[in-house]
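Student: please work out how this folds:
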Amino acid sequence: MRPVRALVVVIAWWAAALPVSAGGGAWLDAPPAGWNRPGAVVPHAPPMDRDADPRCGEQARPPAGAEDRAVAAAGWILVGALQVFGGTSVIWGAAGFDGMCRWWSYQVFVFADGRFAGTLSPEPMNSRTDGAATQMRLYSASHVAAEFARYTEKDPLCCPSRTSSVNFQIKRDAEGAAVVPSRAATSPSR
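Tutor: Numbers count the residues shown, from 1 in each chain. Predicted structure coming up:
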């Protein structure tokens, strides 16, 4: 009986140490709907309950401009490559890392003409979970495409069985700009 109780305590401790998980990929199965609004501010990074291995910090990059500084000021760690096309910038930010230094509670931020235009997911994402962004391409100052991992309960963490591709338009008006999903499609992973 004691080994079982000890195992339950260890599992409960481990689960409590994990940050709150992201909303998942269900939004990718619905018709495209926008969550970004002109004039919004960069959302704050969710708090992380545990310290990552210091080596994970090697993935962080220093701010390269005002948009990067705005993301970092909201508590995000700048990760991945900054992409710029004309007046549009796309920035990856993570709240932390898992035990293998994979990004945890991360988001992709879009800025248009120096102003925050929104995110590519309605909620922060976690590596190796359903709905996690895996690739992003900035094709023009008004067109971004992203791929998201799609897991089923049977998929191993290494290998999502599907990928959702989403095209986003950056719509500008007098109030500012907003990133809006315009087309989404899900297909088997290659």
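Student: mind checking pLDDT for G25?
Tutor: You'll see G25 listed with a pLDDT of 88.
Student: low pLDDT regions in the chain?
Tutor: 1-23, 49-52 (pLDDT under 70).
Student: hey, where'd the helices end up in it?
Tutor: Along the chain, counting by DSSP state H, helices occupy 2-17, 66-73.
Student: so what touches the last one?
Tutor: Helix 66-73 is contacted from outside by V42, P62, P63, L78, L82, S89, I91, G93, F109, F111, G114, F116, using C-beta atoms under 8 Å, 6 or more residues apart in numbering. Any C-beta I mention is one placed from the backbone N, CA and C, and that applies to glycine too.
Student: now it: buried residues?
Tutor: Buried residues in helix 66-73, counted by 16 or more other C-beta atoms under 10 Å: E67, D68, A70, V71, A72.
Student: and those, which two are the farthest apart?
Tutor: Greatest spatial distance among the buried residues of helix 66-73 (C-beta to C-beta): E67 and A72, at 9.8 Å.
Student: relative to N126, how far out is the residue positioned nearest the centre of the chain?
Tutor: Relative to the mean C-alpha position of the chain, the nearest C-alpha, by C-alpha atoms, centre = their mean, is the one of Q107, at 2.7 Å. Noted for Q107: a distance of 11 Å to N126, by C-beta to C-beta, to the nearest Å.
Student: what touches both of these two?
Tutor: Counting by C-beta under 8 Å, 6+ apart, no residue touches both Q107 and N126.
Student: what sits up against stretch 134-150?
Tutor: Outside stretch 134-150, the residues that reach it (C-beta under 8 Å, 6+ apart) are 25, 28, 83-88, 90, 92, 108, 110, 112, 120-121, 125, 128-133, 160-172, 179, 186, 189.
Student: now do the strands in this structure.
Tutor: 77-85, 88-97, 103-112, 115-119, 133-140, 143-150, 162-173, 176-188 (DSSP state E).
Student: distance to W35 added to those, as a markdown table?
Tutor: Shown next, in a markdown table, are the strands of the chain (distance: least, C-beta to C-beta, whole Å):
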| stretch | distance to W35 |
| --- | --- |
| strand 77-85 | 21 |
| strand 88-97 | 17 |
| strand 103-112 | 12 |
| strand 115-119 | 7 |
| strand 133-140 | 15 |
| strand 143-150 | 14 |
| strand 162-173 | 11 |
| strand 176-188 | 9 |
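Student: closest to R37 out of these?
Tutor: Using C-beta to C-beta, the nearest of the strands of the chain to R37 is strand 176-188, at 5.8 Å.
Student: same question for that closest one: list its buried residues.
Tutor: G176, A177, A178, V179, V180, P181, A184.
Student: next: stretch 88-105.
Tutor: Buried, per 16+ other C-beta under 10 Å, within stretch 88-105: 88-98, 101, 103-105.
Student: which ones are touching the nearest residue to V166 once chain neighbours are set aside?
Tutor: What sits nearest to V166 in space, not counting adjacent residues and going by C-beta to C-beta, 6 or more residues apart in numbering, is A184, at 4.6 Å. Residues near A184 by C-beta under 8 Å, 6+ apart: L28, P32, S164, S165, V166, N167.
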